[in-house]
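Chemist: how would this look folded up:
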Amino acid sequence: MKILERSLEIARAAYPSTYKEKKESLHWSFIWKKGKLLSLSTNDKRTHPLNSYNSKYIEKGRCSEFNGFIKLRYISPDGPQWHLCTLVNVRIDRERRVCNSRLCPACQNLVQYLGIKRIYYSTNEGNFEKYL
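Modeler: Numbers count the residues shown, from 1 in each chain. A predicted model of the protein is given here:
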């Protein structure tokens, strides 16, 4: 799928060199609609899927998916025809390898609420898997 390849290409090209020094990975979320990139976002600070169970979740950081929806200013099912959108998640580690970027429980609930049907995430093998 062309948008998966394009998402990976953008994430690799935009990966800041300062992250290698910090020994962190960076999680990217791309929201596409009919081949056009609507939103590109990264996680705030370091986030982990288990943070969704933490009462201080917002203080620890926000997931890239949530940040992408905020950029579009639509956190409701009445957004930009969510059923036509595709969400692509990519995680790049400090060695610029593709890693697992499966949605955390909070983001899984959010995309179900919004009605996004096409969701892909990167795997540790460097491939993409379709969510649900």
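Chemist: can you name the next helix or strand after the lowest-mean-pLDDT helix or strand in the chain?
Modeler: Least confident helix or strand, the chain: helix 57-60 with a mean of 49, by mean pLDDT, DSSP states H and E. On the C-terminal side of helix 57-60, the closest following helix or strand by DSSP states H and E is helix 64-72.
Chemist: tell me the pLDDT of Lys23.
Modeler: pLDDT recorded at Lys23 is 58.
Chemist: is Arg97 in contact with Gly126, as I believe?
Modeler: Yes. Arg97 is within contact range of Gly126, at 7.3 Å (criterion: CB atoms under 8 Å). C-beta coordinates here come from the backbone N, C-alpha and C atoms, glycine included.
Chemist: which stretch of helix or strand covers Leu4?
Modeler: helix 2-14.
Chemist: and that helix, which residues are buried?
Modeler: Across helix 2-14, burial judged by 16 or more other CB atoms under 10 Å covers Ile3, Leu4, Ser7, Leu8, Ile10, Ala11.
Chemist: what of stretch 28-48?
Modeler: Trp28, Ser29, Phe30, Ile31, Trp32, Leu38, Ser39, Leu40, Ser41, Thr42, Asn43, Thr47.
Chemist: list the contacts of the residue lying closest to Thr42 once chain neighbours are set aside.
Modeler: In this structure, Thr42 finds its nearest non-sequential neighbour in Ser64, 5.2 Å apart by CB to CB, 6 or more residues apart in numbering. Ser64 is in contact with His27, Trp28, Ser29, Ser41, Thr42, Asn43, Asn89, counting by CB atoms under 8 Å, 6 or more residues apart in numbering.
Chemist: the spatially most central residue of the chain is in what secondary structure piece?
Modeler: Centroid-nearest residue in the chain: Ser29, 2.7 Å away (criterion: CA atoms, centre = their mean). Element membership for Ser29 (DSSP H and E) is strand 26-33.
Chemist: what residues does that strand touch?
Modeler: For strand 26-33, the external contacting residues (CB under 8 Å, 6+ apart) are 3, 7, 10-11, 14-16, 19, 37-43, 47, 63-65, 67-69, 72, 80-81, 84-92, 101.
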